[in-house]
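Engineer: coords below, sequence missing:
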């Protein structure tokens, strides 16, 4: 998945905002809470990290092409280390689920202000 693909995907979702953090990472957030990070520069360029369901974390990190995300694994984030192992639709599904998980943890009033997902 390229950065333009990620932008096209995430821009459609209510409350989703794009920013660059740490000088090298493209970050999409909802209500200032990150749901996906893509490294935009350097040797890890293209690495995609996102939140997953806690009950799927071990399953996903044990399969080839995924690993616990640096600094974020304790919050059930994974990194796609070999994106060629996954289809665009699979990656888009992971990112969408991450958005849903992060959004569900927002206060109800904030969720309501965002509108329908």
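Structural biologist: In hand now; what should we look at? Predicted model, so just to flag it, every value in this text is computed and none were measured.

Engineer: now the residue positioned nearest the centre of the chain, which residues is it bridged with?
Structural biologist: Against the mean C-alpha coordinate of the chain, by C-alpha atoms, centre = their mean, the closest residue is residue 36 at 2.3 Å. Beta-bridge partners for residue 36, by DSSP bridges, are residue 28, residue 50.

Engineer: before we move on, what about residue 77?
Structural biologist: Going by DSSP bridges, residue 77 forms beta bridges with residue 51.

Engineer: can you tell me how far it sits from residue 112?
Structural biologist: Between residue 77 and residue 112 the computed distance is 26 Å (C-beta to C-beta, to the nearest Å). Bear in mind the C-beta positions are built from the backbone N, C-alpha and C, glycine included.

Engineer: So the residue nearest to the centre of the chain sits against residue 49, correct?
Structural biologist: Yes - contact criterion C-beta atoms under 8 Å: residue 36 and residue 49 qualify, at 7.0 Å.

Engineer: burial of residue 35, as a residue count?
Structural biologist: Using other C-beta atoms under 10 Å, residue 35 has 23 neighbouring residues.

Engineer: okay but residue 57 is in contact with residue 75, surely?
Structural biologist: No - the pair residue 57 / residue 75 is not scored as a contact, 9.7 Å apart, by C-beta under 8 Å.
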